[in-house]
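Undergrad: sequence? don't have it. structure:
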């Protein structure tokens, strides 16, 4: 399976091995570089939670499917992953915007219309399910629109900010 991160645009190749109630990352490659991986992923169906064991370091990622993308939040960082399609562009690239990974409330807006931003720059803080999600710029560009302000409620998939290159 090949995935593309909206944050860095690199294509990652991942091979998963399912054993019992766990999934092991048996192969992780980016470009020509193969990475060692001792990552185990477990899913508790009763509580609908993911656990990730990264060589003894336990993490509790949150994953939400929005359209054709998965929004994965780990340790306060949100990554948008889409299945890589050769010779096509992702919907995030063609939209030039950012969407809410889940329903929530805008807690902070860190930018303004017309401002130039760099890739990865924090743009907004969204509170959802008693957690804060940092919304960051997927690419460098100029802020075209800010569609929600502090205190506004947003639905999952709502476009929050649009960026032009």
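TA: Cool, the structure landed. Note that the structure is predicted; figures quoted are calculated from it, not measured. Numbering: from 1, shown residues only.
Undergrad: gap between the residue lying closest to residue 132 once chain neighbours are set aside and residue 135?
TA: In space, and not counting its chain neighbours, residue 132 is closest to residue 125: 5.4 Å by Cβ to Cβ, 6 or more residues apart in numbering. For glycine as for every other residue, the C-beta is placed from the backbone atoms N, C-alpha and C. For residue 125, the distance to residue 135 (Cβ to Cβ, to the nearest Å) stands at 7 Å.
Undergrad: more crowded one of those two?
TA: Between residue 125 and residue 135, residue 135 has the larger neighbour count (other Cβ atoms under 10 Å), namely 22 against 17.
Undergrad: residue contacts, the closest residue to the more buried one other than its chain neighbours?
TA: Leaving aside its chain neighbours, residue 135 sits nearest to residue 124 (4.2 Å; criterion: Cβ to Cβ, 6+ apart). Residues near residue 124 by Cβ atoms under 8 Å, 6 or more residues apart in numbering: 98, 106, 108, 109, 110, 111, 134, 135, 148, 160, 161.
Undergrad: specify the beta-bridge partners of the closest residue to residue 44 other than its chain neighbours.
TA: The spatially closest residue to residue 44, leaving aside those adjacent along the chain, is residue 51, at 7.2 Å (Cβ to Cβ, 6+ apart). For residue 51, the beta-bridge partners are residue 42 (DSSP bridges).
Undergrad: end-to-end on stretch 129-139?
TA: Its start and end residues considered, stretch 129-139 measures 27 Å (Cα to Cα, to the nearest Å).
Undergrad: contacts for that stretch, please.
TA: With Cβ under 8 Å, 6+ apart, stretch 129-139 has contacts from 6-7, 9, 62, 73, 76-78, 80, 92-93, 98, 101-102, 104, 107, 117-127, 160-161, 163, 165.
Undergrad: quick one: low-confidence parts of the protein?
TA: Applying pLDDT under 70 to the chain flags residues 1-12, 15-22, 24, 26-27, 31, 35-37, 67-68, 82-97.
Undergrad: quickly find the element holding residue 28.
TA: strand 22-30 (DSSP states H and E).
Undergrad: what residues are up against the residue nearest to residue 132?
TA: 106, 107, 108, 110, 132, 133, 134, 135.
Undergrad: would you confirm that the second one contacts residue 149?
TA: This means residue 107. No: using Cβ atoms under 8 Å as the test, residue 107 is too far from residue 149 to be in contact (10.8 Å).
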